[in-house]
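K.L.:
coords below, sequence missing:
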């Protein structure tokens, strides 16, 4: 079975604090993709990153960084020096590549982590 | 601007009255799909399309229809809406089914209420 678990339902931090959002996934497929999306209060889903299962390099983009560890099936997201504009719901998602006609492009989303950054 | 456009953004309708939520993308993407987002249930795929004239069911297709006659458009049709279809709906598109390096681009969402 494929599953994504975001154990932190809500996190509250004060501006400028660093915060890490956890994501643990389950899949039996050897080829898969992991994503993070941001859903601000306005409701749209904003793409942040896509990682494939063969690339365990950590990624940094400005204040955002991602740590992918296949050994623990985790794909954690860290925001450095958080800002009020970072307040949103963050979703981790898994796309498994079963191969052939089994590929559906279906994202398996976690339940999301609500991040509140207070001034 | 590269985008996925959904219309309408908000809709209140009555049970049984057929409606269509439109979705259009201007990025020449092959892959398109529909999701619904519900509290406690998260985001679930309704239908997807690998390319023109190729559509298939996702996890929760009951009560919905789709068509893909042109590459850019992927409308979601509710022929006889019921209150359990009250939800936030998202259309998404991508260059290919696996998301490509730019992931899936989502529309702004359609908040549907069926009374």
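P.N.:
Alright, I've got the coordinates. What you see is a predicted model; the values in this text were computed from it and never measured.
K.L.:
and chain A, which residues reach chain B?
P.N.:
Within chain A, the positions lying close to chain B (CB under 8 Å from any CB of the partner chain) are A:33, A:35, A:37, A:43-50, A:91, A:95, A:97, A:103-107, A:109-112. Just so you know, the C-beta spots here come from the backbone N, C-alpha and C atoms, and that holds for glycine as well.
K.L.:
narrow those residues to those in helices?
P.N.:
Using DSSP state H, no member of those falls in helices.
K.L.:
ok, of those residues, which come out buried?
P.N.:
For the residues of chain A next to chain B, a burial check counting by 16 or more other CB atoms under 10 Å in any protein chain shown picks out A:33, A:35, A:37, A:45, A:47-50, A:91, A:95, A:97, A:103-107, A:109-112.
K.L.:
where in chain A is pLDDT low?
P.N.:
A:99-102 (pLDDT under 70).
K.L.:
the strands in chain A, which residues?
P.N.:
Listed in chain order, the strands of chain A (DSSP state E) span A:3-5, A:10-14, A:19-21, A:24-26, A:32-39, A:46-52, A:59-61, A:64-69, A:74-79, A:88-96, A:108-109, A:113-118.
K.L.:
contacts only, for residue A:29.
P.N.:
A:2, A:53, A:96-98 (CB atoms under 8 Å, 6 or more residues apart in numbering or on different chains).
K.L.:
buried ones only from these, please, as a ChimeraX command.
P.N.:
To isolate the buried ones among the contacts of residue A:29 in ChimeraX, judged by 16+ other CB under 10 Å, type:
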select /A:53,96,97
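K.L.:
looking at the contacts of residue A:29, spot the one nearest chain B.
P.N.:
Using CB to the nearest CB, residue A:97 is the member of these that lies nearest chain B, at 6.4 Å.
K.L.:
show me what from chain B comes close to chain A.
P.N.:
Residues of chain B lying near chain A (CB under 8 Å from any CB): B:31, B:33, B:35, B:42-43, B:45, B:48, B:50, B:56, B:58-59, B:88, B:90, B:92, B:94, B:97-109, B:111.
K.L.:
nothing else from me, thank you.
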